[in-house]
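Colleague: need a 3D model of the following:
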Amino acid sequence: MDGDRKMTSRRQPGGPLAAGNVTPLPDYSGMTLEELAAAPTVYRDDLLKGQTAIISGAGSGMGRATAFLFARLGAKVVICGRREEKLAETKEAIARLCGKEIFHSSLSIRDADQVEAFIADVFDRHGAPSVLVNSAGGQFSQEAIEFSRKGWNAVIDTNLNGTWWMMQETAKRWRDAKKPGNIINITAVVDRGMPQSAHSCAARAGVIYLSKTVSTEWAPLDIRVNCIAPGAIETEGVNRYPKDALAKFPLANPMKRFGDVWDIAEAAVYLAAPSSKYVTGSVLTIDGGMAQYGWVWPLGKPEWFKE
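Modeller: Numbers count the residues shown, from 1 in each chain. Next comes the predicted model:
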């Protein structure tokens, strides 16, 4: 499929990026709205018809791509996130480019009361959702020894606690309504740690093992819980990293390129569709082999580790 669509991973002519063949671009933009609307997919266009999906963090990046694909495949989509204007942009673009109506609500997943009210509203207005995709999150890069208490708490609160509030509240309502459920958590590759992002690593690892645990506890409720662990994925958000460090991100995997948000969206569809009916407590890693090959240093590799 990579050759069938405009690649956003910015491969160099003649092959993948190589250590001596990197020309950093001034900007990484991810996939445009038009590309998200037109990107080919392996799935039939009515695969998710009859499903209702809640997707958090859908104002940008992987969450937005997932919202586009779920809507294109026939799901009723309800998106949420912190920034009203970005959610409205996603909603308008899906209507304009895909001819699909979706629904949105702005909230902070760090606020358990806001989450409770939002989930209640979804169940009341749209019925029991079929799937919850937790894509909302955020982090900043810093050496761990320099973390402030406020910074640490903010990252943990968003990526771990916020994800949990969404999971727990939705699961409670599935249980009370005697409906099956399916949770997909977008996390990160944590197998070898995440230098310069230790707070995010702690939170994402927490989500992974939380998911594994409740996949067992909630199996009697017919609720499946799985994770997707992306590696270096090109989104508009990667531009916040220093350019010299960013240029080396694709070199942290043996494929020597970025993945794109469509890779994650199609993985989410696999876990949402009947194709994964016997899958729970699992982590689907989409990282170009990074977990067994190298690290990403978002602030640049320290001198100590340079060869």
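Colleague: got the residue ranges for the strands in the stretch 201-307 of the chain?
Modeller: Using DSSP state E, counting those that start in this stretch, the strands of the stretch 201-307 of the chain run over 223-230, 233-234, 259-260, 283-286.
Colleague: kindly report the same for the stretch 1-150 of the chain.
Modeller: So, for the stretch 1-150 of the chain - with DSSP E, counting those that start in this stretch - the strands run 52-56, 76-81, 103-106, 131-134.
Colleague: residues near the residue nearest to residue 238 when sequence neighbours are not counted, how many?
Modeller: The shortest distance from residue 238 to any residue other than its chain neighbours is 5.1 Å, reached at residue 28 (CB to CB, 6 or more residues apart in numbering). Where you see a C-beta, it was placed from the backbone N, CA and C, and this is true even at glycine. Look at residue 28: counted by other CB atoms under 10 Å, it has 20 neighbours.
Colleague: what does residue 242 give?
Modeller: 12.
Colleague: go on, residue 157?
Modeller: 17.
Colleague: got it, and the one 3 residues further on?
Modeller: In terms of burial, residue 160 registers 20 neighbours under the definition other CB under 10 Å.
Colleague: ditto for the one 10 residues further on
Modeller: Using other CB under 10 Å, residue 170 has 25 neighbouring residues.
Colleague: next one: phi and psi at it?
Modeller: phi -70, psi -40 (degrees, to the nearest 10).
Colleague: residue 119 is in contact with that one, correct?
Modeller: Yes - counting by CB atoms under 8 Å, residue 170 touches residue 119, with 5.5 Å between them.
Colleague: is the residue nearest to residue 238 in contact with residue 233, as I believe?
Modeller: No - here residue 28 does not reach residue 233: they are 10.4 Å apart, not a contact under CB under 8 Å.
Colleague: hey, what's in contact with both of those two?
Modeller: Common neighbours of residue 28 and residue 233, counting by CB atoms under 8 Å, 6 or more residues apart in numbering, are residue 258.
Colleague: so, low pLDDT: which residues of the stretch 201-307 of the chain?
Modeller: 307 (pLDDT under 70).
Colleague: show me where it has helices.
Modeller: Listed in chain order, the helices of the stretch 201-307 of the chain (DSSP state H, counting those that start in this stretch) span 243-246, 261-272.
Colleague: winner for burial among those helices?
Modeller: Stretch with highest mean neighbour count among the helices of the stretch 201-307 of the chain: helix 261-272 (a mean of 24; mean count of other CB atoms under 10 Å).
Colleague: so which elements touch that one?
Modeller: helix 61-72, strand 131-134, strand 181-186, strand 223-230, strand 233-234, strand 283-286 (3 or more CB pairs under 8 Å, 6 or more residues apart in numbering; DSSP states H and E).
Colleague: tell me the angle the longest one makes with strand 76-81.
Modeller: Pointing back at helix 61-72 there. Here helix 61-72 runs at an angle of 160 degrees relative to strand 76-81 (axes from the mean of the first three to the mean of the last three CA atoms, to 10 degrees).
Colleague: just checking, what packs against helix 61-72?
Modeller: Secondary-structure packing of helix 61-72 (3+ CB pairs under 8 Å, 6+ apart): helix 33-38, strand 52-56, strand 76-81, helix 84-98, strand 131-134, helix 261-272.
Colleague: format these as CSV; extra columns: distance to residue 194.
Modeller: Below are the helices and strands packed on helix 61-72 laid out as CSV (distance: least, CB to CB, whole Å):
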stretch, distance to residue 194
helix 33-38, 27
strand 52-56, 21
strand 76-81, 23
helix 84-98, 25
strand 131-134, 19
helix 261-272, 17
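Colleague: among the ones you listed, which is nearest residue 111?
Modeller: Taking CB to CB, strand 76-81 is the member of those nearest to residue 111, at 11.9 Å.
Colleague: direction included, what does the closest one pair up with?
Modeller: strand 52-56 (parallel), strand 103-106 (parallel) (DSSP bridges).
Colleague: can you list those in TSV and add distance to residue 64?
Modeller: Below are these laid out as TSV (distance: least, CB to CB, whole Å):
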stretch	distance to residue 64
strand 52-56	9
strand 103-106	11
